[in-house]
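[1] predicted model and sequence follow; I will ask about them next.
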Amino acid sequence: MRIFLTGATGFIGTAVTVQLIAAGHQVTGLTRSQQGAEKLAAAGAQAHFGDLEDHDSLRRGAMLSDGIIHTAFDHDFSRFMANCEKDRLAIAAMADALQGTQRPLVITSGVAMGSAGQNRLAVEDYFNPEHQNPRKASEQAAMAALEQGVNVSVVRLSQVHDTAKQGLITPLIEIARQKGVSAYVGEGENRWSAVHISDAALLYVRALEKHRPGRYHAVAEEGITLRKIAETLGQRLNVPVVRLEPSEAADHFGWMSHFVVQDMSASSVLTQEQLNWQPQGPDLMSDLQQMRLV
């Protein structure tokens, strides 16, 4: 299949490119720069110039493909709500190009969208439209596309990790370095689910090849407590581990303060059954123990 891949030169997209090519697919990756085009060529993929706000370029890429995997997202969290809206519009543009076909569109969301509330394990067959996280806009766009007959699936990400990046834990590492302490809030018993980058990338390919609508969780570990994460970071960075009161979170964590008190535990039982997907990569603690300290 000829696959149009957004975010193709990013952390997740690069790994998805490798998995797609290994599975025998041709990859055309969205990029804004010549440097990105050269990176894609080195990986064995073709370049398609454009960006998430150039909807005409997205439609052209979609129309020339046999399927789409959408991993791109603007991770400037100072403009998080605006970036979620930008993602919604990008999904709508690509979905518009697929109307009247059965070509698959696989988009990206977060596992929190499958939780009925704080400390409730997120599951694949649930969507919380009242969730406070504005990333729900991505799934709302997918649902609108589904109502229009588009063959759309959702991959919900947990904390995607290797020894260089670890999802939202990466900014926690930077905060611990800046503040000189590794902190958690309250008892630190809220949990985050996690998956290795290689397993997440394979899941996108499996979801694409399933060729019918579905929601899938990129989750290898249902939940690791924030206290355990903070303790591991403290050990690796050689800084003290401290407990903060909820009232201290905003001053210490800044934009991360909303996330560090959230429970983002999630199940992937249905995903594993439906896609025959069995995570094989290292667990989160192993990667944190081996993380690059540069």
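    Arrived safely, thanks for sending.

[2] every contact and neighbour count from this point should use C-alpha atoms.
    Noted.

[3] pLDDT on the host helix or strand of residue 286, on average?
    Using DSSP states H and E, residue 286 falls within helix 284-289. Averaged across helix 284-289, pLDDT comes to 96.

[4] can I get that helix in CSV? Just the C-alpha atoms.
    Presented in CSV, the C-alpha positions along helix 284-289 are these (Å, rounded to 0.1, in the frame of the first residue of the first chain):
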residue,chain,number,x,y,z
LEU,A,284,9.4,2.1,31.2
MET,A,285,11.6,1.6,34.3
SER,A,286,14.3,-0.2,32.2
ASP,A,287,14.4,2.7,29.8
LEU,A,288,14.5,5.3,32.6
GLN,A,289,17.4,3.3,34.2
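
[5] which strands and helices sit next to it?
    Contact analysis of helix 284-289 by 3 or more CA pairs under 8 Å, 6 or more residues apart in numbering; DSSP states H and E lists strand 191-196, helix 226-237 as its packing neighbours.

[6] most neighbours per residue, which of the ones you listed?
    strand 191-196 (a mean of 26; mean count of other CA atoms under 10 Å).

[7] in contact with residue 286, which residues?
    By CA atoms under 8 Å, 6 or more residues apart in numbering, no residues touch residue 286.

[8] just residue 267 next, same as before
    If you count contacts by CA under 8 Å, 6+ apart, then residue 267 has 121-124, 217, 219, 222 around it.

[9] now do residue 244
    If a contact means CA under 8 Å, 6+ apart, then residue 244 has 183-186 as its contacts.

[10] out of those residues, which sit inside strands?
    When strands are assigned by DSSP state E, the members of the contacts of residue 244 inside them are 183-185.

[11] and the helices in the stretch 151-294 of the chain, which stretches?
    In the stretch 151-294 of the chain, the segments counted as helices under DSSP state H, counting those that start in this stretch are 169-179, 197-210, 226-237, 249-253, 257-260, 269-275, 284-289.

[12] let me see the ranges of the strands in the stretch 1-150 of the chain.
    With DSSP state E, counting those that start in this stretch, the ranges of strands along the stretch 1-150 of the chain come out as 2-6, 26-31, 46-49, 67-70, 104-110.

[13] which one of these lies closest to residue 168?
    strand 104-110 (11.7 Å; CA to CA).
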